[in-house]
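Engineer: need a structure here:
(2 chains)
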Amino acid sequence: MRLRLIRACRGRPTALACLLFIVIPPTVAYATTDFNYVDNQLFSAYQAGWTSGLNPRAYNKVWRPVGNQFAMSYELSDTETTTWFNTWSNPYTTPGSAGLDVYAGCENYTPSVVSPVTCRTTRP
Amino acid sequence: MRSTKKFLALSASAVCGAALTGAILSRAATGFPSAFMKAPPISVPALSNMSGLERAATARDGAVAAAAAPALDALTDSAGAPPGMAPGSADMERFRVLLDNLGSGRHSIFAVPTSGGRVCGGLTGGPSGCLQGFTAAGPVDYSVGDVDTVGSGEATIVWGLAPDSVRSVHVVAGGTRYLAVMGKNAYFFEASAASLAPSAVSVIVVDFKDGRSQSVPVTVGATTTH
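Structural biologist: Okay, the predicted model is just below:
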């Protein structure tokens, strides 16, 4: 199908438009958007930040001063959560959600105030 | 005499006021007390104390590097990073596998230096992070978690990077002390029972080559939900 489209576009004045028609849809289909769901915030003791929506995630990442334990979670449902705890790495990233729709979250797992905290993940 | 006293009092008041204003302004610039920002000092820089990165590269390093590249890209990408916290780009020529074929998931632990002078390490299929170095309270790095949901699939895992000075690591979980698999600059422990949750891990005991031993308390448990 794509080959037929390419042949149809060759040598025509609308070649550029055809090229965009062929190239853009697959690019959009596979593109993910990276975004900070917590941006340069001050986290009080045991405060958590979460994405507002359920989506597959390519990663879940935190930047915060080292020495502060953080819990990086994916919430699949009210009872199913996967979490990794870390204190000394910065940044720290957990792997993707294997295509599952999840909330991504980061939690200050200390009794202290931690700042600045930035957490980042992806959505389709 | 009276005017001199008045002048001195006014001067002292002005100096105190200026000092107080300066202190308030400096705190306002950061938005919070500086004590919250300070990270513990690095006592053992990672880059100069991980000789596992110095050995010659092997075909296995290349294979694991190819598999780990997307995770490393996500880890070291500076987009969205707060000022001064981007680790720099990974020097993939110096990527090394520190431990291989670990646990039921056949994981590998790897490390790679960055252009920013850090060492980034990771567990294949698991988390990854970047270290500037090790501290008095954190003589080894550690990650505690489960690659899938608790109680199913793989069991609880504890792993981390360690400097050359570390001889062995024990993990205390559910009140029992387990010897972790130790490699050059990395250790790994997987609980034998899937039912042993990450919250069962309470202490990481670090044994140094000079005979010293240090217990690092670990507190993990339930997290908040969205």
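Engineer: residue of chain B with the smallest distance to chain A?
Structural biologist: Proximity of chain B to chain A (C-beta to the nearest C-beta) peaks at residue B:129, 2.4 Å away. Heads up, the C-betas are built off the backbone N, CA and C, glycines and all.
Engineer: and that residue, how many neighbours?
Structural biologist: Using other C-beta atoms under 10 Å in any protein chain shown, residue B:129 has 29 other residues around it.
Engineer: partner strands of the helix or strand that contains it, parallel or antiparallel?
Structural biologist: Following DSSP states H and E, one finds residue B:129 within strand B:128-131. Sheet pairing here is set by DSSP bridges, and for strand B:128-131 it gives strand A:92-94 (antiparallel), strand B:119-123 (antiparallel).
Engineer: Spatially nearest residue to residue 102, not counting backbone neighbours?
Structural biologist: No chain was given, so I picked chain A. Once flanking residues are discounted, residue A:102 sits nearest to residue A:74: 4.0 Å by C-beta to C-beta, 6 or more residues apart in numbering or on different chains.
Engineer: Oops, wrong one, chain B.
Structural biologist: In space, and not counting its chain neighbours, residue B:102 is closest to residue B:188: 4.7 Å by C-beta to C-beta, 6+ apart.
Engineer: does the one you found sit in a helix, a strand or a coil?
Structural biologist: Classification of residue B:188 by DSSP: H, G, I helix; E, B strand; the rest coil places it in strand.
Engineer: ok so, going back, okay, the strands paired with strand B:128-131 in TSV with mean pLDDT, mean neighbour count and distance to residue B:133 next?
Structural biologist: What follows is the strands paired with strand B:128-131, written out as TSV (pLDDT from 0 to 100; neighbours: other C-beta atoms under 10 Å in any protein chain shown; distance: least, C-beta to C-beta, whole Å):
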stretch	mean pLDDT	mean neighbour count	distance to residue B:133
strand A:92-94	98	28	15
strand B:119-123	98	28	8
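Engineer: related to what we said a few turns ago, give me the neighbour count for the nearest residue to the residue of chain B closest to chain A once chain neighbours are set aside.
Structural biologist: Of all residues not flanking residue B:129 in the chain, residue A:89 sits nearest, at 2.4 Å (C-beta to C-beta, 6+ apart). As a burial measure, residue A:89 scores 29 neighbours (other C-beta under 10 Å).
Engineer: Check residue A:33 too.
Structural biologist: As a burial measure, residue A:33 scores 9 neighbours (other C-beta under 10 Å).
Engineer: Might you report the residue contacts of it?
Structural biologist: Residue A:33 is in contact with A:122-124, counting by C-beta atoms under 8 Å, 6 or more residues apart in numbering or on different chains.
Engineer: residues contacting the residue nearest the centre of chain B?
Structural biologist: What sits nearest the mean C-alpha location of chain B, by C-alpha atoms, centre = their mean, is residue B:141, with 4.5 Å. Counting by C-beta under 8 Å, 6+ apart, residue B:141 touches A:86-89, B:121, B:129, B:131, B:134, B:160-162.
Engineer: So the residue nearest to residue B:129 sits against residue B:132, correct?
Structural biologist: No. In this structure, residue A:89 is not within contact of residue B:132 by C-beta atoms under 8 Å, at 9.5 Å.
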